[in-house]
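Chemist: I'd like to go over a predicted model; first the sequence, then the structure.
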Amino acid sequence: MAWYARAGLALLALGLSLSTTLVAACGASSRGESAEASGPTGSTNDSSPPPSITGKSPLDASATDASPSALIPAVVACGALASACAASPSVAGLFATYRKDVYLAEAQYPEGGPLPTSGGRLHIAGIASASGDVAGVRIDGQSVDDLLTQKAIDWYHVWPSTAVAGEPLWVAFHSRAASWDSKASGTVTVESAAGVLLTGSFPVAAAAVPITYVTTTDAGKTLLVHARNVDAKAHTIARLVVDGKDITAAACIPKKTLGPGEDALWSVPRCVAEKAGAAWSVVLELTDGPASAGVGRVLPEFFPVEAWARSSDCPLPGGNAAALAKHEGAGFDTQYMYFFGGACGLSGKALVNTTLPSLSKKLRVLVGDDFLGGPVPETQITDTSAVAGFLTGDESDGEFESNGFPAAELKARSSRRLWKMYPGLPTYNGGKTHKKVGAFAGMADVQGMDFYVAACAPHITPVNSPNPVRGAYDYLRNARNNHAPLPTWLYAQGLHAGWNKTVLGLTTHVQPDAAEILVQALSAALAGGKGLMWFQTDLDEAALSPERWDAVVRANRTIRAVRGWLREGDPAGLASSTTTALVEGIRARDAIVVPVLDLEVTQGPNDIDCAKVFVGSPVPHFSFATHATEVRVKIPDDFAVDDVFEVVGQSVKDAPSYTIVGRELRFTLTLSQADPVRVLVVANSKLARATAAAGNAP
């Protein structure tokens, strides 16, 4: 999201951050230690039509191991699975996971104030014992309303708002109270006007194998569950419980024992397709440790590439047709929209209900947070087909309190109101801090974060504090880690007139250059983002520097080629680099996407040099050194490699030179000012190239 407030040019206080969590080379151990072979080189485009299937995967119960010609075959796969429609045993009781807030090193990113070491977020998964509308929630015997007034909790949610006996009913809340750190258990009661809907004791414990991401795919017919063993010892899965049912026999769990640092991806076929807005709960029970619980709402299977455009550009139907065409040509499929017009002057009601649906979802809108403050929002939208979601606030994590009341709860209330009005659509909220965002993460379906490192953008850290190029990634990844197992839509720095410097009527255009644009955009993918959000797009600035707009286009087209895998996948710690290059392996069912970011800079901006721009000094930029690096990708035991390729904008081509050592691919590639990012794809089928080519087509 951008820090552009509706009342004109307010420069955002955003932050820069150095990640405390380095991308580690985790995963399955190497096998076949003597095997080594050379990979293909060169460049070819594949413009064949998109396949109707995505190839074989060990996460498909009907799949077999890779063919004899596979580069690296799978060594474990799912056996015969029980029918997804077979009766599954019900599991009684409440399950919960205590998630501590995570934050970056204060020495690298000083934001001031205390570290968020006390308290955390609780996810409580249960099954409703009765049906009825939720009228109240009690934690340890106290009403959540009283706890909020006392500021003992920051926010809470219960979903669904109308419980159905025998169906999932979950509660989530965040508290900064230190007392939760020493509790072994708590109690929760959810009430209706007629009686109790859910009650019981829940454990208060951090999980050794936390669930890191849950999503649906295949139009709701499959549930994907990502988990990571964060412990120093191996752990074994006893059973997987989804929506209160033991579905272990029907789930594809290729390996039940995870080593230290090992990630897993499990596929759960559903008998009936999940419906957007429905509650989900996933519980992972171990044979030798506390259970892990995750809760959330089923969201539309959509990865937005969104522009928060300059209002006067108005790239919307009925607005500026040329601006709309330029954005569509650049790969944008979602536009931020002030519902009640803003500078664009269009009727949001007419646009959403009449104009956009006729485009067959070619373009969607993120409805601005002016919506709830307008006249009778409950009657404004009758056709939601072109709505990507609702913004509930931008950079909302600036302060814990608003007039003595928890600020996060005010935004959580917006989510609950919107969930009742439009249950099938996500709510979205943006952040700007690494130390406070943990207390806000979870109050909306989707969390955002913006942190810009170029164009002398304002930052939340003190004046003249370090401003590393990796700061964007660090803040974005920290937001993802706090919001897990829910999704993030993450911001990239685009073009915005607010960064320009004007003295005596003369304007110096201070904008990120092409390399800085690419690095920040791909930081969103590397951090595990499930949406790419740009702040801002400005077509006057684009016309002054076409190479910058070309970088936006390249980033969008690259992301669109792999966004299906990015949405399904999650950072799995599978990739490492022999240099300072920042890398990650985003593990999906049919591909591992490996973004590579250059961190070798010979110079970078600082606040002193930025201040000198006012008196005529050159605009400072990061200068990326040309250097070679080796990127190593460990292949999980349940994944077969049939093809490896690279995506650059609209081009899908052979991967750079690589070798195979056991179950590891080792790529040799060059990073430079012209190419500070690379995106590799390790696929389980040669059909994946066609999927990528179709995704990034104009």
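Modeler: All right, it came through fine. Numbering: from 1, shown residues only.
Chemist: roughly how far apart are A323 and P315?
Modeler: 4 Å (C-beta to C-beta, to the nearest Å). In short, each C-beta sits where N, CA and C put it, glycine included.
Chemist: need the overlap of contacts for those two.
Modeler: Taking C-beta atoms under 8 Å, 6 or more residues apart in numbering as the criterion, A323 and P315 both touch A309.
Chemist: out of the two, which sits in the busier spot?
Modeler: Taking neighbours as other C-beta atoms under 10 Å, A323 and P315 compare with P315 leading, 24 against 19.
Chemist: that one: what's it in contact with?
Modeler: Contacts of P315 (C-beta under 8 Å, 6+ apart): 307, 309, 323-324, 326-327, 332, 335, 537.
Chemist: among the residues you listed, which one lies nearest to R632?
Modeler: F332 (34.2 Å; C-beta to C-beta).
Chemist: my read is that closest one is in a helix, agree?
Modeler: No: under DSSP: H, G, I helix; E, B strand; the rest coil, F332 falls outside any helix and is assigned coil.
Chemist: not counting sequence-adjacent ones, nearest residue to it?
Modeler: A307 (4.8 Å; C-beta to C-beta, 6 or more residues apart in numbering).
Chemist: can you check S402 too?
Modeler: L410 (5.9 Å).
Chemist: and the one you found, how far is that from G442?
Modeler: For L410 relative to G442 (C-beta to C-beta), the value is 15 Å.
Chemist: quick one, which of these two is more surrounded?
Modeler: With neighbours defined as other C-beta under 10 Å, L410 and G442 compare such that G442 has more, 29 against 18.
Chemist: surely the more buried one meets D154?
Modeler: No: using C-beta atoms under 8 Å as the test, G442 is too far from D154 to be in contact (9.4 Å).
Chemist: what do the two both touch?
Modeler: H174.
Chemist: burial of the nearest residue to V613 once chain neighbours are set aside, as a residue count?
Modeler: Spatially, and ignoring its direct neighbours in sequence, V613 is nearest to K501 (5.1 Å; C-beta to C-beta, 6+ apart). Close neighbours of K501, defined as other C-beta under 10 Å, add up to 17.
Chemist: hey, what's K501 bridged with?
Modeler: T508 (DSSP bridges).
Chemist: tell me the confidence at it?
Modeler: K501 carries a pLDDT value of 93.
Chemist: show me what contacts it?
Modeler: Counting by C-beta under 8 Å, 6+ apart, K501 touches 456, 507-508, 510, 613-614.
Chemist: tell me how far the residue located most distally from the centre of the chain lies from D333.
Modeler: Most distant residue from the mean C-alpha position of the chain: L504, 42.9 Å away (C-alpha atoms, centre = their mean). According to C-beta to C-beta, L504 stands 42 Å off from D333.
Chemist: and the biggest helix by length in the chain, C-alpha only, in CSV?
Modeler: If you go by DSSP state H, the chain has its longest helix at helix 546-568. Backbone C-alpha positions of helix 546-568 (Å, rounded to 0.1, in the frame of the first residue of the first chain) are rendered in CSV as follows:
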residue,chain,number,x,y,z
PRO,A,546,10.6,5.7,-19.8
GLU,A,547,13.3,3.2,-18.6
ARG,A,548,11.7,3.4,-15.1
TRP,A,549,8.2,2.5,-16.5
ASP,A,550,9.9,-0.3,-18.5
ALA,A,551,11.2,-1.6,-15.2
VAL,A,552,7.7,-1.6,-13.7
VAL,A,553,6.5,-3.5,-16.8
ARG,A,554,9.3,-6.0,-16.5
ALA,A,555,8.6,-6.6,-12.8
ASN,A,556,4.9,-7.0,-13.4
ARG,A,557,5.3,-9.4,-16.3
THR,A,558,7.8,-11.5,-14.4
ILE,A,559,5.5,-11.8,-11.4
ARG,A,560,2.5,-12.6,-13.5
ALA,A,561,4.4,-15.5,-15.1
VAL,A,562,4.9,-17.1,-11.7
ARG,A,563,2.2,-15.7,-9.5
GLY,A,564,0.1,-18.9,-9.5
TRP,A,565,3.0,-20.6,-7.8
LEU,A,566,3.7,-17.7,-5.6
ARG,A,567,0.1,-17.7,-4.4
GLU,A,568,0.1,-21.4,-3.7
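Chemist: what comes up buried for it?
Modeler: 548-549, 551-568 (16 or more other C-beta atoms under 10 Å).
Chemist: now do the strands in the stretch 1-150 of the chain.
Modeler: Per DSSP state E, counting those that start in this stretch, the stretch 1-150 of the chain carries strands over the ranges 95-100, 120-127, 132-133, 136-139, 142-143.
Chemist: of those, which is nearest P168?
Modeler: Per C-beta to C-beta, nearest to P168 of these: strand 120-127, 6.3 Å.
Chemist: how far out from the middle of the chain is the strand or helix carrying the residue nearest to F332?
Modeler: Using DSSP states H and E, A307 sits in strand 305-309. Strand 305-309 sits 16 Å away from the centroid of its parent chain (C-alpha atoms, centre = their mean, to the nearest Å).
Chemist: what lines up beside that strand in the sheet?
Modeler: strand 334-337 (parallel), strand 532-537 (parallel).
Chemist: mind listing what's buried along the next helix-or-strand element following the longest one?
Modeler: I take that to be strand 532-537. Once the chain leaves strand 532-537, the next helix or strand it forms, by DSSP H and E, is helix 539-544. Within helix 539-544, the residues scored as buried using 16+ other C-beta under 10 Å are 539, 541-542.
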